[in-house]
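A.B. asks: Take a look and give me a structure for this.
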Amino acid sequence: MLRKTLKKTTKNKKLNDFIKKYKIRPEYLSGNRKMISRGVFLGLFIAFIPMPMQMAAVLLFIPFFRFNVPIALAMCWLSNPFTMPPMYYMEYLTGSYILGIEPQPVELTLDWFSNNLGKIFIPLYFGTALYSIFGSITGYLLVNHFWRSSVHKEKKSRKNR
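C.D. replies: Predicted coordinates:
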C-alpha cells in the first residue's frame, strides 16, 4: 500500500514542478525500495542517538549517501520529547547491564544530569550504539522484506486474475 502511494506521489505534477523549481535532485525524493530502506536505516540510526538537532545530522549525510530524505527525517521523529526519556533510559540500563556497571537512580533535572554526566556517559552511549546499530538494521531489513512481499503478492494477484 505504501509502495502504491509513493508511486502516485512521484507522478504528481505539483511535486515535479516543486522539484524543478528548487533544483532538488530527484533521488532524494525517490520512492523505490532501495532509497526508502536507506532512509529508514539512516533515520533510525540517528533517532536512537541522544543528541540535539538530529534532523540536521540527517541532512549532513546527504552529500555522502543517497537516500529518501523525507523518510529519514520522519524516522528521526521517533525520538520526540515524549519518547526520548524512555528510549534513553532503556539505552542507559542496557549499557549498564552489559558493561556490568550498577545503574545510577535517575532524576529528570538539569542539576542531576550536570553532576552525573561522567557516570552515565559511557553506559548510555554503549547502549545507544547497540540500539542504533540493531534498530536501524532491523528497520532496513523489515522495509525490504515487506516491500518484496508486497510486490510478490501483487504479481500473484495479477496472475490469478
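A.B. asks: drop to CA atoms for contacts and neighbour counts, all remaining ones
C.D. replies: Will do.
A.B. asks: Which strand or helix spans Leu44?
C.D. replies: helix 33-47 (DSSP states H and E).
A.B. asks: After that helix, which helix or strand is next? Please name it.
C.D. replies: helix 54-60.
A.B. asks: residues making contact with that following helix?
C.D. replies: 42-43, 46-47, 69, 72-73, 76 (Cα atoms under 8 Å, 6 or more residues apart in numbering).
A.B. asks: what do you get for stretch 139-153?
C.D. replies: In contact with stretch 139-153 (Cα under 8 Å, 6+ apart) are residues 1, 3, 33-34, 36-38, 40-41, 44.
A.B. asks: Just give the closest residue to Tyr92, not the sequence neighbours.
C.D. replies: Among residues not flanking Tyr92 along the chain, Leu124 sits closest, at 4.0 Å (Cα to Cα, 6 or more residues apart in numbering).
A.B. asks: Could you report the neighbour count for the one you found?
C.D. replies: Leu124: 22 surrounding residues under other Cα atoms under 10 Å.
A.B. asks: before we move on, the earlier item: could you dump the contacts of stretch 139-153 into CSV and include distance to Tyr89, pLDDT and neighbour count?
C.D. replies: Below are the contacts of stretch 139-153 laid out as CSV (distance: Cα to Cα, whole Å; pLDDT from 0 to 100; neighbours: other Cα atoms under 10 Å):
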residue, distance to Tyr89, pLDDT, neighbour count
Met1, 35, 52, 8
Arg3, 35, 59, 15
Arg33, 33, 87, 17
Lys34, 32, 90, 17
Ile36, 29, 91, 25
Ser37, 27, 93, 25
Arg38, 27, 93, 24
Val40, 23, 94, 29
Phe41, 22, 96, 27
Leu44, 17, 95, 30
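A.B. asks: May I ask which helix or strand encompasses the residue nearest to Tyr92?
C.D. replies: Per DSSP H and E, Leu124 falls inside helix 110-160.
A.B. asks: Quick one: mean pLDDT for that helix?
C.D. replies: Averaged across helix 110-160, pLDDT comes to 90.
A.B. asks: what do you get for stretch 89-107?
C.D. replies: 91.
A.B. asks: Cool, thanks, signing off.
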